[in-house]
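> When you get a sec, could you give me coordinates for this:
(chains A and B)
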Amino acid sequence: MQNRRDFIKTSLVGGAVLSAVASPVELLANEVKTQLTILHTNDVHSHVEPFADDDKKYPGMGGAEYRATIIENIRKKTTHTLVLDAGDIFQGTPYFNFFHGDLEIDLMNKMRYDAATIGNHDFDGGIDTLAKQITRSNFPFVNSNYDFTNTPVEGKVHKHVILKKGKLKIGITGCGVELEGLVPDKLYTNTKYLDPIKCVQEQVDILKFKEKCHLIICLSHLGYKYEHTRVSDIVLAQQTTNIDLIIGGHTHTFLEAPVKEKNKDGKEVLINQVGWAGVQIGQLDYFFEKSFRKKLSNSQTVIVDKKSIEK
Amino acid sequence: MSRHYSNIGILILAVVFTTACKIYYPVQEAASLVKVNNSFSADTAIKGFYKPYKDSLDKIMKVPLAELTDDLTKKLPESTLGNMMADILKVKTAEYTNDKIDVAILNYGGIRSSSLTKGMLNVEHAYLLMPFDNYVVEQTLTGQQLSDFCDSMAMKKGWPVSGISFQIKNDKAINILVNNAALDLNKKYKVAINDYLANGGDGMAFLKSIPQIQTGRLFRDAIMEYWSVQTKAGKKISAKLENRISYAE
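Now for the predicted structure:
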């Protein structure tokens, strides 16, 4: 099994060989690729502690203390790292019942998350609790399709954010699932759900054409895929343009590897989701090169076992 | 000579120009998945930070309530964990309302643990199973409404139920039995449910217009009470599969 570091090594060697035979103009172009590492979680659901060792499904898995170590280890090894969450941070353990989200947000602040979106269960403590926790976070909450006018959350959520890592500009937007019939209305109060396809596309257009972002990410809490015609990450990918990556949540889907879906222009969109409760972290390494146009991506999926990362 | 220099100048300009026109594009991606567990060293600062929270919770959460005889799991269309939860809802609702409850229904997504391991059940297990502050309520449904409800459950591949059984065929409920008698469309049935569903949650909008008898009790507390009472009576907790919901051949 080829691990992540071997893969990086191979690509760098490949670059060096190319440079040796390239013309001066190409030589300039073939600078060392700029790497951006994206780490992501979804549906952590207040799982601060690891599951019990005798748990049938996830024995000893998860735990903020191990998640923090993994994130920090990877941060030390890479120049540019983004840590993202696709929503449902809250609800699921007594930590939320008793401390109303304080601990979850404090831990995410300590792990230096860069952005998160809002899941349906993030309303479970009521709209005031959500507003309070967004204010307490050191990272932006991104959502384009909830209208929070006349709620305590109004003005606290970003339709998009642009994160700069070195010379890279990464545009991030987000979207959430229909609330009516899912979340008790007394919890989301005046929040209005708007069409995610339309709202996300509006933000992506700004990020692509006005802000000229090099990578566009949508943090989605729509859910990976449904049997019926309901909007999902698959549908979002198919019906939009210029999204590079959808980091999903809601359906607690354990994808072995990111799924590729063709967008409206026939271009590939990557969709990923890593289960729930913080038992896994998704890692996506993007390698950027200066070029006139986007080349076909050469992606490789490596399931990294714990040891190859820790060393 | 000067011509040579101007050529170099043009070349430099060309290089600068082409470089300026270039922007960053992702050319390669690599994906990996990191399993989070104790094969990594624990971040002691993080663990230390949440320890006071954990210590204060553990005093409440680790209190034992009952003993479970076998592992229970959550599955579609019927599961041992789902049956235990629905049975508790039926028994406790009858107790709270002094009514004879015919049927108890829970939403599958409302059970938040995927399994329970045999052995001691404590307060924390109840919180993990039912973290939501859902209240126990009673609604009276007509046979027709209950039949439609069963169709909705069939569409969702089966929910935890008690006192009722049916089979799923082409996303519809068939052979519906209430207390082992065929469902009577003209009869009225007393249904134990949670307020999340009664208020139209999980796509059950039709329940919204049906009057509710409030018990004022949290379902989580009902579970803990049930466990405690069983223990006091010298009984253990168990559940089995009974073909409450199954697929028609």
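> What count of nearby residues applies to residue A:234?
When neighbours are defined as other CB atoms under 10 Å in any protein chain shown, residue A:234 has 19 of them. In this view, the C-beta of every residue, glycine as well, is placed from N, C-alpha and C.
> Which positions within the longest strand seen in chain B qualify as buried?
Longest strand in chain B by number of residues (criterion: DSSP state E): strand B:23-35. Residues B:24, B:25, B:26, B:27, B:28, B:29, B:30, B:31, B:32, B:33, B:34, B:35 are the ones in strand B:23-35 that count as buried (16 or more other CB atoms under 10 Å in any protein chain shown).
> Next, count neighbours for residue 58.
The chain I'm using is chain A. Number of residues near residue A:58 (other CB under 10 Å) recorded here: 22.
> could you do chain B instead?
Residue B:58, neighbours per other CB under 10 Å, totals 15.
> again, but for the one 5 residues further on
Here the number of neighbours of residue B:63 (other CB under 10 Å) works out to 12.
> Same question for residue A:222.
If you count neighbours by other CB under 10 Å, residue A:222 ends up with 29.
> What of the one 10 residues further on?
Residue A:232: 23 surrounding residues under other CB under 10 Å.
> Need the pLDDT of it.
If you check residue A:232, the pLDDT there is 98.
> repeat for residue B:12
Predicted confidence (pLDDT) at residue B:12: the value is 77.
> returning to that earlier point: of the buried residues of strand B:23-35, which are in range of chain A?
B:24, B:25, B:26, B:27, B:28, B:29, B:30, B:31, B:32, B:33, B:34, B:35 (CB under 8 Å from any CB of the partner chain).
> so how far is the first residue of stretch A:86-104 from its last?
Taking CA to CA, to the nearest Å, the first and last residues of stretch A:86-104 lie 14 Å apart.
> The stretch 101-250 of chain A against chain B: which residues are in contact?
Counting by CB under 8 Å from any CB, the residues of the stretch 101-250 of chain A lying close to chain B are A:103, A:106-107, A:110-111, A:124, A:167-168, A:181-185, A:212, A:214-215, A:244.
> For residue B:224, which non-adjacent residue is spatially closest?
With CB to CB, 6 or more residues apart in numbering or on different chains as the criterion, residue B:224 has its nearest non-adjacent residue at 4.9 Å, and that residue is residue B:126.
> Now the helix or strand harbouring the one you found: average pLDDT?
Taking DSSP states H and E as the criterion, residue B:126 maps to helix B:123-129. Averaged over helix B:123-129, pLDDT sits at 97.
> and that helix, how far from the chain's centre?
13 Å (CA atoms, centre = their mean, to the nearest Å).
> Which strands or helices does that helix pack on?
For helix B:123-129, the packing partners by 3 or more CB pairs under 8 Å, 6 or more residues apart in numbering or on different chains; DSSP states H and E come out as helix A:94-99, helix B:44-61, strand B:64-68, helix B:219-232.
> what about the longest one, near chain A?
Yes. If you take CB under 8 Å from any CB as the test, helix B:44-61 does meet chain A, through B:44, B:45, B:46, B:47, B:49, B:50, B:53, B:54, B:56, B:57, B:60, B:61.
> Helix, strand or coil: sort out residue A:198 for me.
At residue A:198, secondary structure determined by DSSP: H, G, I helix; E, B strand; the rest coil is helix.
> Please disregard the earlier target; I meant residue A:35.
What three-state DSSP gives for residue A:35 is strand.
> tell me the contacts of the residue nearest to it when sequence neighbours are not counted?
In this structure, residue A:35 finds its nearest non-sequential neighbour in residue A:287, 5.5 Å apart by CB to CB, 6+ apart. By CB atoms under 8 Å, 6 or more residues apart in numbering or on different chains, the residues touching residue A:287 are A:11, A:33, A:34, A:35, B:26, B:27, B:28, B:29, B:30.
> By pLDDT, rank these and give me the bottom one.
Least confident of the contacts of residue A:287 in the model: residue A:11, at 35.
> model confidence over the longest strand seen in chain A, on average?
Criterion DSSP E: the longest strand present in chain A is strand A:280-291. Mean pLDDT, strand A:280-291: 91.
> The residue nearest to residue A:35 bridge partners, please.
Beta-bridge partners recorded for residue A:287 (DSSP bridges): residue A:35, residue B:28.
> How much space separates it from residue A:253?
Distance, residue A:287 to residue A:253, by CB to CB, to the nearest Å: 26 Å.
> now do residue A:162
In terms of CB to CB, residue A:162 sits 28 Å off from residue A:253.
> and the two? which has more neighbours close in?
Under the criterion of other CB under 10 Å, the comparison of residue A:162 against residue A:253 puts residue A:253 first, with 20 against 15.
> Tell me who's in contact with that one.
Applying CB under 8 Å, 6+ apart, the residues near residue A:253 are A:223, A:224, A:225, A:273, A:275.
> What's the separation between it and chain B?
13 Å (CB to the nearest CB, to the nearest Å).
> Counting neighbours, what do you get for residue A:238?
Neighbour count of residue A:238, defined by other CB under 10 Å: 14.
> cool, residue B:249 as well?
5.
> what about the helices in chain B?
For chain B, applying DSSP state H gives helices covering B:2-21, B:44-61, B:80-97, B:123-129, B:143-155, B:195-198, B:219-232.
> Distance to residue A:237 for those - can I get that in JSON lines?
As requested, these are exported to JSON lines (distance: least, CB to CB, whole Å):
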{"stretch": "helix B:2-21", "distance to residue A:237": "29"}
{"stretch": "helix B:44-61", "distance to residue A:237": "34"}
{"stretch": "helix B:80-97", "distance to residue A:237": "34"}
{"stretch": "helix B:123-129", "distance to residue A:237": "33"}
{"stretch": "helix B:143-155", "distance to residue A:237": "26"}
{"stretch": "helix B:195-198", "distance to residue A:237": "31"}
{"stretch": "helix B:219-232", "distance to residue A:237": "38"}
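> related to what we said a few turns ago, so the residue nearest to residue B:224 sits right up against residue B:227, yeah?
Yes. Counting by CB atoms under 8 Å, residue B:126 touches residue B:227, with 7.4 Å between them.
> what touches both of those two?
Counting by CB under 8 Å, 6+ apart, the residues touching both residue B:126 and residue B:227 are residue B:65.
> for the residue lying closest to residue B:79 once chain neighbours are set aside, what are its contacts?
Take residue B:79 and drop its neighbours on the chain: the residue closest to it by CB to CB, 6+ apart is residue B:73, 5.8 Å away. Neighbour list for residue B:73: A:56, B:79, B:80, B:81, B:114, B:115 [criterion: CB under 8 Å, 6+ apart].
> same check, this time on residue A:97
With contacts defined as CB under 8 Å, 6+ apart, residue A:97 is in contact with B:127, B:131, B:133.
> isn't there a helix covering residue A:228?
No. According to three-state DSSP, residue A:228 belongs to no helix; its state is coil.
> ok, residues contacting the helix holding residue B:126?
If you take CB under 8 Å, 6+ apart as the criterion, helix B:123-129 is touched by A:92-94, A:97, B:60-63, B:65, B:81, B:85, B:111-113, B:116, B:220, B:223-224, B:227.
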